[in-house]
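Novice: Pasting the sequence and the predicted coordinates here, then a few questions.
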Amino acid sequence: MLQNIQDEFQRRFCDFRSHEQDLMMFASPFECDPKCVPTVIQLELIELQESSELKSAFRDLSLEKLYSSLPASTYPALRKHANRMVSLFGSTYICERRFQK
């Protein structure tokens, strides 16, 4: 029975392994190596990591607020990536918000 549970867990969450780098870049953009991300995002990620103001905001704000506060003209690829990552967990987020009240 435990083996069946483990197999089911592996089957359901195997997609996360293929998106591990994307999830890491979303969750910890200041720790992510720019060489390991798609080229369209590299320069924006480097610029983000060099900003002490944004680094401070990362410590103080939620990920949702941090990414929404990024200027769209300066960080279009990072914002697009963040929107894609957030949409993966949209139903979970809505459910959690609903039951927190």
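Specialist: Alright, I've got the coordinates.

Novice: List the buried residues for whichever strand or helix holds Glu44?
Specialist: Following DSSP states H and E, one finds Glu44 within helix 39-50. Neighbour counts over helix 39-50 (16 or more other CB atoms under 10 Å) mark 41, 44-45, 48-49 as buried. Bear in mind the C-beta positions are built from the backbone N, C-alpha and C, glycine included.

Novice: What of stretch 49-60?
Specialist: With burial defined by 16+ other CB under 10 Å, the residues of stretch 49-60 counted as buried are 49, 54, 58.

Novice: What is the nearest of those to Ser18?
Specialist: The nearest member of those to Ser18, counting by CB to CB, is Gln49 at 24.7 Å.

Novice: neighbours around the residue lying closest to the closest one once chain neighbours are set aside, how many?
Specialist: The shortest distance from Gln49 to any non-neighbouring residue, by CB to CB, 6 or more residues apart in numbering, is to Phe30 (5.5 Å). Phe30 is flanked by 12 other residues according to other CB atoms under 10 Å.

Novice: what residues are up against Met25?
Specialist: Contact analysis of Met25 by CB atoms under 8 Å, 6 or more residues apart in numbering lists 32, 37, 41, 45, 81.

Novice: Please repeat the previous calculation with a cut-off of 10 Å.
Specialist: Contacts here follow CB atoms under 10 Å, 6 or more residues apart in numbering; on that basis Met25 touches 31-34, 36-38, 41, 45, 78, 81-82, 85.

Novice: List buried residues within those.
Specialist: By neighbour count, with 16+ other CB under 10 Å, these hold 32, 34, 37, 41, 45, 78, 81-82, 85 as buried.

Novice: counting contacts, what elements does the longest helix seen in the chain pack onto?
Specialist: As assigned by DSSP state H, the longest helix anywhere in the chain is helix 2-18. The elements that helix 2-18 packs onto, with contact taken as 3 or more CB pairs under 10 Å, 6 or more residues apart in numbering; DSSP states H and E, are helix 20-27.
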